[in-house]
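**Q** predicted model and sequence follow; I will ask about them next.
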Amino acid sequence: MAPTYLLSFLAFLLTVSPTISTNSEGNALHALRTRLLDPTNVLQSWDPTLVNPCTWFHVTCDSNNHVIRLDLGNSNISGTLGPELGGLKHLQYLELYKNNIQGEIPEELGKLKNLVSMDLYGNKFEGEIPKSFAKLKSLKFLRLNNNKLTGSIPRELTTLSNLKVFDVSNNDLCGTIPIDGPFSSFPIQSFENNNRLNGPELQGLASYDFGC
């Protein structure tokens, strides 16, 4: 009887695991919704009473019902982001560009180990670029341009060997531009219009000072 019971219990766990996952992801997305102002109702389908957020507009899931994409670019939303977004463990694409989102970028976004693209450009984000982004080893596209970011470019980001596109233009960054790792190939346009930012790409042989 014991082996039969054990097998039945394991089968039950396999059945409910995706549901547990989508519940936690749904909770994370609902927490995001409570932080956002949505005058055009693009989030009206985000019903927290539904078990599966994969049915919500602007949310894409994989075959296992894991949330892998969040598409809210150019959606006329405002508000702030919270730490709950770090719970979307399977997220690959975070598209929040061209809105009016403000406040600091949560450090918890560094927990999104599967993230390939993060587009936060064209908002009103303030504060520093999180050093936790150095944990995003799958990241290929990081666009933070046209915000109000301050501080220096974290030296830790030079370890992101898969990073192909990096844009922090039109902010208020300071310090020195790294040239190690992928930063050796990023064009000057990726850093322009940061009046307190300097580096070899901008002012010849500048001394390296990654602080401000």
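**A** Thanks, I have it. Numbering: from 1, shown residues only.

**Q** what about the nearest residue to G87 once chain neighbours are set aside, neighbour count?
**A** Nearest residue to G87, sequence neighbours excluded (Cβ to Cβ, 6 or more residues apart in numbering): A28, at 4.0 Å. In this view, the C-beta of every residue, glycine as well, is placed from N, C-alpha and C. Number of residues near A28 (other Cβ atoms under 10 Å) recorded here: 21.

**Q** just the helices in the protein please.
**A** 2-35, 200-203 (DSSP state H).

**Q** could you tell me the least trusted of the ones you listed?
**A** Confidence, taken as mean pLDDT, is least for helix 200-203 of these (a mean of 50).

**Q** so where is this structure shaky, pLDDT-wise?
**A** Residues of the chain meeting the criterion pLDDT under 70: 1-22, 200-211.

**Q** try 50 this time
**A** 1, 6-20, 201-206 (pLDDT under 50).

**Q** list the buried ones in stretch 93-106?
**A** Y93, L94, E95, L96, Y97, K98, N99, I101, I105, P106 (16 or more other Cβ atoms under 10 Å).

**Q** right, I mislabeled it, should have said stretch 122-132
**A** Residues G122, N123, F125, E128, I129, P130, S132 are the ones in stretch 122-132 that count as buried (16+ other Cβ under 10 Å).

**Q** enumerate every residue touching the second one.
**A** Neighbour list for N123: L96, Y97, K98, N99, N100, I101, Q102, N146, N147 [criterion: Cβ atoms under 8 Å, 6 or more residues apart in numbering].

**Q** now with 10 Å, please.
**A** N123 makes contact with 77-78, 81, 96-103, 105, 144, 146-149, according to Cβ atoms under 10 Å, 6 or more residues apart in numbering.

**Q** quick check, nearest of the buried residues of stretch 93-106 to I177?
**A** The nearest member of those to I177, counting by Cβ to Cβ, is I105 at 19.4 Å.

**Q** pretty sure S190 contacts F166?
**A** Yes: between S190 and F166 there is a contact at 5.6 Å, judged by Cβ atoms under 10 Å.

**Q** this structure: strands as residue ranges?
**A** Counting by DSSP state E, one finds strands in the chain at the ranges 36-37, 59-61, 67-71, 78-80, 93-95, 100-104, 117-119, 124-127, 141-143, 148-149, 165-167, 174-176, 196-198.

**Q** give the pairing partners of the third one; include direction for each.
**A** By that I understand strand 67-71. strand 59-61 (antiparallel), strand 93-95 (parallel) (DSSP bridges).

**Q** out of these, flag the one nearest T176.
**A** strand 93-95 (27.6 Å).

**Q** about what we covered before: closest one to S184 among the strands of the chain?
**A** Among the strands of the chain, strand 165-167 comes nearest to S184, with 11.4 Å by Cβ to Cβ.

**Q** who touches the closest one?
**A** Contacts of strand 165-167 (Cβ under 10 Å, 6+ apart): 117, 119, 121, 139-146, 153, 157, 160, 182-183, 185-187, 189-192.
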